[in-house]
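Q: What would the 3D arrangement of this be:
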Amino acid sequence: MPSPNLVYSKSVHFLYSLFLFLCLLVYAPVYFFRMRVARGERLFVRERLGFRLPPREAARPTLWIHAVSVGEVLSLRNLLAQVKKRHPSWRICFSTLTPTGYRIAKEKLTMADIIFFVPLDFALIVRRFFKALKPKLFLLAESEFWPNLLRIAGKKCQAVLLLNGRMSQDSFKTYRRLRPLAVNVLKNIDFFLMQTEQDRRRIEDIGIDPKKVKVAGNLKAEVSLPLLNQEDRQAFEKNLGISGSKKVIVAGSTHRGEEELILEAFGRARKEKEGLLLIIAPRHPDRAREVEKLGLNHGLSVLRKTAATPGQAWDVLILDTIGELAYFYALADLTFVGGSLVPHGGQNFMEPAFYEKPVLCGPHLENFAALADEFIHSGGIRVVRGIGELTEAFKMKDETALEEIGRRAKNLLNSHQGATERTLQAIEKFMAEHEVRT
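A: Residues are numbered from 1 along each chain as shown. Model (predicted):
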């Protein structure tokens, strides 16, 4: 007679799969129109349904790593490079969820042997991927808890690990409210590598065995970006039409609702301070036209980066490309990191900190709560609340104070190095166990 726990687990996964199917029926036409018609993006339907599977290779042990989108993909770059360097006999298979994440993975994760879209989370489809790849270890980044993917990974792999794990306050409340369901999903993970002590406490409070949890640090703090020498910087600025007397504000990874505030604040600030330029990088580049219209409505000279010609004049430059934001942070005199003036939890502020740039953020930094608190209290981030404070910051009245914010951000970022090595050591223990078994 099957145990009550087994019956409960099967019932949960059946109901989840039914719910997912119904959601797809409703959302599929909307998704098709938004991605295929409006954006002209490929949908990779055959790949997601498992009709075009990654190639089989039985000769080498396989590591399957999954990350959802651009930020998570980039945070794993150093880790994957070290895995490939130390364990060249292992095959690295990397999956992601979004088209932008896939493009960035193709461009940046050259050490991966295979890059593909994660399958839709139906058991039949997921099993086909595991049958083709035969991974010994399955690693997932941050909080990508797909129930069927995890359940089958737990059965088919020797170990399942969570990397760079985090749990926001909202997620924690939801998981505690649905504790039996949460534990039913998370029990398939053999080891949890969390970003902070707060994340560790939350995952344990849900019901995870403390012996399976370790704080490894935040992989996103392990920033390694290209440095521009003086000659390269001058050439870059000249190509963009930026003269030496100009002061450049870079607003990165902005969301809908923020650009209007940023443009209004910029317009007000430049009435008092001459020579201000603004570069806006929308979190989703397909919104570039929308942001362009906002800038024109404010009477500003707006230029999209893909349409720019060398030396062309502009007040606002819209970065409508992917993967170039870091280079623009390197040019900045002042930076603003988006997703923080509106309740999106904030985007990654470590890149401008790497370049020792003063960082402005709004009050919504839940995605980086513990790290953000540390930066704020140490003076490495200046929080702005609303258009008035944003306008005053854009005037850059005290440039010495802004430079000090940049120095503190850089020093604090340096103090957080080591997450990659700690994560790699944990992974290697499970890799060694596989090698002993074989």
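Q: For residue 153, give me its contacts.
A: 64, 130, 135, 138, 160, 188 (CB atoms under 8 Å, 6 or more residues apart in numbering). In this view, the C-beta of every residue, glycine as well, is placed from N, C-alpha and C.
Q: Those residues in strands, which ones?
A: Mapping the contacts of residue 153 onto strands (DSSP state E) picks out 64, 138, 160.
Q: Could I get the contacting residues of residue 111?
A: 80, 81, 83, 84, 92.
Q: what's the helix or strand harbouring the third one packed up against?
A: Using DSSP states H and E, residue 83 sits in helix 77-86. Counting contacts by 3 or more CB pairs under 8 Å, 6 or more residues apart in numbering; DSSP states H and E, helix 77-86 is packed against strand 91-96, helix 419-437.
Q: That one: how far from the chain's middle?
A: Distance of helix 77-86 from the chain centroid (CA atoms, centre = their mean, to the nearest Å) equals 18 Å.
Q: Not counting its own residues, what contacts it?
A: Contacts of helix 77-86 (CB under 8 Å, 6+ apart): 63, 65, 90, 92, 94, 108-109, 111-112, 163, 219, 222, 224, 420-421, 423-424, 427-428.
Q: Could I get the pLDDT score of residue 291?
A: Per-residue pLDDT puts residue 291 at 96.
Q: scratch that, residue 117 is what I was asking about
A: Reported pLDDT for residue 117: 92.
Q: was I right about it contacting residue 48?
A: Yes: counting by CB atoms under 8 Å, residue 117 touches residue 48, with 5.2 Å between them.
Q: Look at these two and report which has more neighbours.
A: Per other CB atoms under 10 Å, whichever of residue 117 and residue 48 has more neighbours is residue 117, with 20 against 16.
Q: Quickly list the domain ranges of the chain.
A: Taking automatic domain parsing as the reference, the chain has its domains at 1-43, 48-222+418-437, 230-415.
Q: so residue 54 touches residue 93, yeah?
A: Yes: the pair residue 54 and residue 93 qualifies as a contact (CB under 8 Å) at a distance of 6.3 Å.
Q: Show me which of those two is the more surrounded one.
A: Ranked by neighbour count (other CB under 10 Å), residue 54 and residue 93 place residue 93 first, with 24 against 19.
Q: got the contact list for the more buried one?
A: 54, 62, 63, 64, 65, 112, 113, 114, 116, 133, 135.
Q: and the first one, helix, strand or coil?
A: Spelled out, it's residue 54. coil (DSSP: H, G, I helix; E, B strand; the rest coil).
Q: quick one: it and residue 152, what's the gap?
A: 16 Å (CB to CB, to the nearest Å).
Q: Return the residues in contact with the closest residue to residue 270 other than its chain neighbours.
A: Leaving aside its chain neighbours, residue 270 sits nearest to residue 276 (4.4 Å; criterion: CB to CB, 6 or more residues apart in numbering). Residues near residue 276 by CB under 8 Å, 6+ apart: 246, 247, 249, 266, 269, 270, 394.
Q: Residue 280 now?
A: Contacts of residue 280 by CB under 8 Å, 6+ apart are 251, 254, 259, 262, 263, 291, 295, 316, 317, 318, 319.
Q: Which secondary structure element of the chain has the lowest mean pLDDT?
A: Lowest by mean pLDDT, DSSP states H and E among the helices and strands of the chain is helix 4-32, with a mean of 69.
Q: so what secondary structure elements neighbour the helix or strand just after that helix?
A: Using DSSP H and E, the helix or strand that follows helix 4-32 in sequence is helix 45-48. Packing partners of helix 45-48 (3+ CB pairs under 8 Å, 6+ apart): strand 114-117.
Q: What strands line up against the strand it packs on, and which way round?
A: Strand 114-117 has its sheet partners listed here by DSSP bridges as strand 91-96 (parallel).
Q: to the chain's geometric centre, what's the distance from the strand it pairs with?
A: 17 Å.
Q: rewinding a little: could you check the angle the helix holding residue 83 makes with helix 419-437?
A: 40 degrees (axes from the mean of the first three to the mean of the last three CA atoms, to 10 degrees).
Q: can I get the CA coordinates of helix 77-86 in PDB?
A: Output of helix 77-86 as PDB, limited to C-alpha atoms (Å, rounded to 0.1, in the frame of the first residue of the first chain):
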ATOM      1  CA  ARG A  77      30.100  33.100 -15.600                       C
ATOM      2  CA  ASN A  78      33.100  33.100 -13.200                       C
ATOM      3  CA  LEU A  79      31.900  29.900 -11.600                       C
ATOM      4  CA  LEU A  80      31.500  28.000 -14.900                       C
ATOM      5  CA  ALA A  81      34.900  29.200 -16.000                       C
ATOM      6  CA  GLN A  82      36.500  27.700 -12.900                       C
ATOM      7  CA  VAL A  83      34.600  24.400 -13.200                       C
ATOM      8  CA  LYS A  84      35.800  24.000 -16.800                       C
ATOM      9  CA  LYS A  85      39.300  24.900 -15.800                       C
ATOM     10  CA  ARG A  86      39.500  22.500 -12.900                       C
END
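Q: buried set for that helix?
A: Within helix 77-86, the residues scored as buried using 16 or more other CB atoms under 10 Å are 77, 78, 79, 80, 81, 82, 83, 84.
Q: which intervals of this protein have sub-threshold pLDDT?
A: Low-confidence segments of the chain, defined by pLDDT under 70: 1-10, 13, 28, 31-41, 43, 434-438.
Q: Can you tell me the SS state at residue 140?
A: strand.
Q: Go ahead and confirm it touches residue 162.
A: Yes: using CB under 8 Å, residue 140 is in contact with residue 162, at 5.9 Å.
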